[in-house]
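Colleague: What follows is a predicted protein model with its sequence.
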Amino acid sequence: MLLPEDKLKSLIEGSGLITKEALAELDLLVVTSGKPLWDVIVEKKLATDEQIGQLVAKQYQLPYVSLEGVTIPDEVFNLIPERIAGKQKVVVFERTPQAIKVATSQPENTDITKLLAQKTGTAVQIHYTTDSSINKLLRAYKKDLQKSVDNLLKEGIWDSVSAATDDPPVARIVNLLIETAYQERSSDIHIEPYE
């Protein structure tokens, strides 16, 4: 959950990032557009998404992290399936033997961090990030999957397929998609030993 609009407004005003007068002028725009105050501020270029995120992180007494340009190894990223990461606004961005580092825009959601601690057997260090930062990262992940499919198609494998044979290029693409989906869901699968 994001901070309530009134709390966000007083936080921004108290920081001196935007004047009280400028914030008052935005009230009408927020009401008429139906957009959240945060989005309106960023659209009007009164502050950046990161500047507001840093203020909110301070409010929660958490370190702030921007996920822009961060490369996350697949085995770390896949600790939380992508669909859950998008829904819960939480991403694992680093893993050490002692802890995993989690970026979230919903730090009140402690259930997911408890589950991660149980799953990994390590401590969870929570960092605050913005919804926008998480969404950009998830879009980049999807683009990487698309690049993998595109690379398979560019390998020239279509030229070597005859009409009388099976269709190996399609099989390879399907295998890639299945492998990706399996990695995404493998953390949700619990197999009971057969006795």
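Modeller: Perfect, I can see it now. Numbering: from 1, shown residues only.
Colleague: What are the boundaries of the strands in the protein?
Modeller: Taking DSSP state E to define them, one finds strands in the chain at 90-95, 99-104, 123-128.
Colleague: for the last one, what is the average pLDDT?
Modeller: Strand 123-128 shows an average pLDDT of 96 in the prediction.
Colleague: tell me what it is packed against?
Modeller: Packing contacts for strand 123-128, counted by 3 or more Cβ pairs under 8 Å, 6 or more residues apart in numbering; DSSP states H and E, involve helix 49-60, strand 99-104, helix 110-120. Where you see a C-beta, it was placed from the backbone N, CA and C, and this is true even at glycine.
Colleague: Point out the most buried one among those.
Modeller: strand 99-104 (a mean of 21; mean count of other Cβ atoms under 10 Å).
Colleague: mind showing which ranges of this structure have poor pLDDT?
Modeller: In the predicted model, the chain carries pLDDT under 70 at residues 1-2, 142-195.
Colleague: what about the most centrally placed residue in it, distance to Thr104?
Modeller: By Cα atoms, centre = their mean, the chain has its centre lying nearest to Ile134, at 2.9 Å. Distance, Ile134 to Thr104, by Cβ to Cβ, to the nearest Å: 8 Å.
Colleague: Now list whatever residues contact both of those two.
Modeller: By Cβ atoms under 8 Å, 6 or more residues apart in numbering, Ile134 and Thr104 have these common neighbours: Lys89, Val90, Val91.
Colleague: What ranges does the protein have for its helices?
Modeller: In the chain, the helices defined using DSSP state H lie at 5-15, 20-33, 37-43, 49-60, 74-77, 82-88, 110-120, 131-154, 168-185.
Colleague: ok, so of the shared contacts of Ile134 and Thr104, who is nearest Ser10?
Modeller: Lys89 (23.0 Å; Cβ to Cβ).
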